[in-house]
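[1] sequence plus the predicted model coming up.
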Amino acid sequence: MGIHVLAIYKPTEDGAAALETEVATHVQKLRELGFATDFPSAILRAEDGTIIEHFEWVDQAAIDAAHEHPAVHEMWGRFAACCEYGTLDGLPNASTMFPEFEYLGSH
């Protein structure tokens with residue numbers, strides 16, 4: 001079993017469309033490079049427009065290798081141009097007992 005993560009991306013003022021484009025291919029690229037598993041991922045949107053991406057890394061070694069891989073650095077550079085990274089507690093609807101999010105799809 002791998003390591004499940006929730007990546008939190010808050011789009012910049014004009015970055016929402018670019019962010020959705022990047023998220024649509026993010027996990028597939030990580031899979032192609034051997035860093036993410038085939039576990040079905042999910043893309044959600046919070047009420048403030050923040051995108052939440054749930055996926056599974058292969059293991060800690062894959063996470064470490066991804067942080068050194070040039071193709072991943074390039075991809076994450078595109079993310080940095082259209083969003084800021086956030087945390088669960090920063091989501092406006094995360095303080096409810098059963099927070100609801102809009103489902104945008106999976107990879």
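    Done, it's in. Note that the structure is a prediction, hence the values are computed from the model and not measured.
[2] and the residue lying farthest from the centre of the chain, what element?
    Most distant residue from the mean C-alpha position of the chain: residue 97, 22.7 Å away (C-alpha atoms, centre = their mean). Assigned by DSSP states H and E, residue 97 falls within no helix or strand.
[3] how near is it to residue 45?
    As judged by C-beta to C-beta, to the nearest Å, residue 97 and residue 45 stand 20 Å apart. All C-beta spots, glycine's among them, are computed from the backbone N, C-alpha and C.
[4] you'd agree residue 36 is up against residue 56?
    Yes - here residue 36 lies in contact with residue 56, judged by C-beta atoms under 8 Å, at a distance of 6.4 Å.
[5] of the two, who's got more company?
    Neighbour count, other C-beta atoms under 10 Å: between residue 36 and residue 56, residue 36 has more, with 25 against 20.
[6] apart from its chain neighbours, what residue comes closest to that one?
    If the residues on either side of it in the chain are set aside, residue 36 comes closest to residue 30, at 3.7 Å by C-beta to C-beta, 6 or more residues apart in numbering.
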